[in-house]
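Asks: Compute the structure for the input listed below.
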Amino acid sequence: MSTTRQNCSRLALGCSIALLVSVGAGCSRKPETTTVKKMAAGAQYAGFLSSYDRLKPNPDFENTVSYVNREADRNVHKYFAVIIEPIQIYVATDADPSKMPDRGRAAVVAYFQSAVTKAISDAFPIVTEPGPLVLRLRTALIGVDVGRELEADKDGGGLSHAIDIGKVGVEMEMVDSVTGEQIAAAVDRQNLGSGATVGSVSFTRDEKFAAAKEAFDGWAARLREFVDSAHELSGEETRRADESYRPYGDAPHAK
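Replies: Residues are numbered from 1 along each chain as shown. Here you go, the predicted model:
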């Protein structure tokens, strides 16, 4: 079965499921809140993922460990829609969460949430309610630090303290929305170095914080690349898919 045929079939069914789930969700769903937590001292990971036991270095992504379930009935191929949960933030061990500007945190979360949604939306229809063919995408920024104190600006968009993302990483996983079973997971650690800071709620339009915007866009793009790689069929899976494809309900040829 060609990749185009597979994607068209998958998208058509996915859109149907997305419509049904979205209608069922209605307008009464309460918005979820984003919490700020702190990395434990000396911890390699934030503790955000449901499991870290099966993570291994990924040869295709630098500074990344990952896991993809390849079991026939428990892999990404069987799913047709995704719930994108609110981005979570874990501040660095020695950071003071009370100095993390709420407006800045909200701006960071909103931008990264939008970047992730944009990156994923043409791979999976996005829905709001769980179902048997729906994944749940969970993402966290880990190691966010509180930077230097900033002077107030004239337009009121400036923050009291800069948000330093120079050593931030991303933890993400896709879990079955019904059972909670981990289907794919990755921890991406990229040292951006000095200069990757957010000092204004309008950081996306301020050249001083261009490195931060590029970092969030880059993480979202890498997340999409990882999802695509997790969805690639192995040779055996491709063979089985080709054998089972019946576009017009025709019976298999007699051998």
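Asks: residue boundaries of the helices in the stretch 151-255 of the chain?
Replies: Along the stretch 151-255 of the chain, counting by DSSP state H, counting those that start in this stretch, helices occupy 210-231, 235-244.
Asks: Lowest average pLDDT across those helices?
Replies: The stretch with the lowest mean pLDDT among those is helix 235-244, at a mean of 44.
Asks: Output the below-cut-off pLDDT ranges for the stretch 1-150 of the chain.
Replies: 1-35 (pLDDT under 70).
Asks: Can you report how many residues lie near residue 183?
Replies: 21 (other C-beta atoms under 10 Å). C-beta coordinates here come from the backbone N, C-alpha and C atoms, glycine included.
Asks: Verify the contact between it and residue 138 for me.
Replies: No - with contact defined as C-beta atoms under 8 Å, residue 183 does not reach residue 138; the gap is 11.2 Å.
Asks: How much space separates residue 139 from residue 174?
Replies: 10 Å (C-beta to C-beta, to the nearest Å).
Asks: Ignore what I typed, I meant residue 142.
Replies: Counting by C-beta to C-beta - residue 142 and residue 174 are separated by 17 Å.
Asks: buried set for stretch 136-151?
Replies: Neighbour counts using 16 or more other C-beta atoms under 10 Å place 136-147, 150 of stretch 136-151 among the buried residues.
Asks: same deal with stretch 209-229?
Replies: 209, 211-213, 215-217, 219-220, 222-224, 226-227, 229.
Asks: Tell me who's in contact with residue 96.
Replies: By C-beta atoms under 8 Å, 6 or more residues apart in numbering, the contact list for residue 96 reads residue 146.
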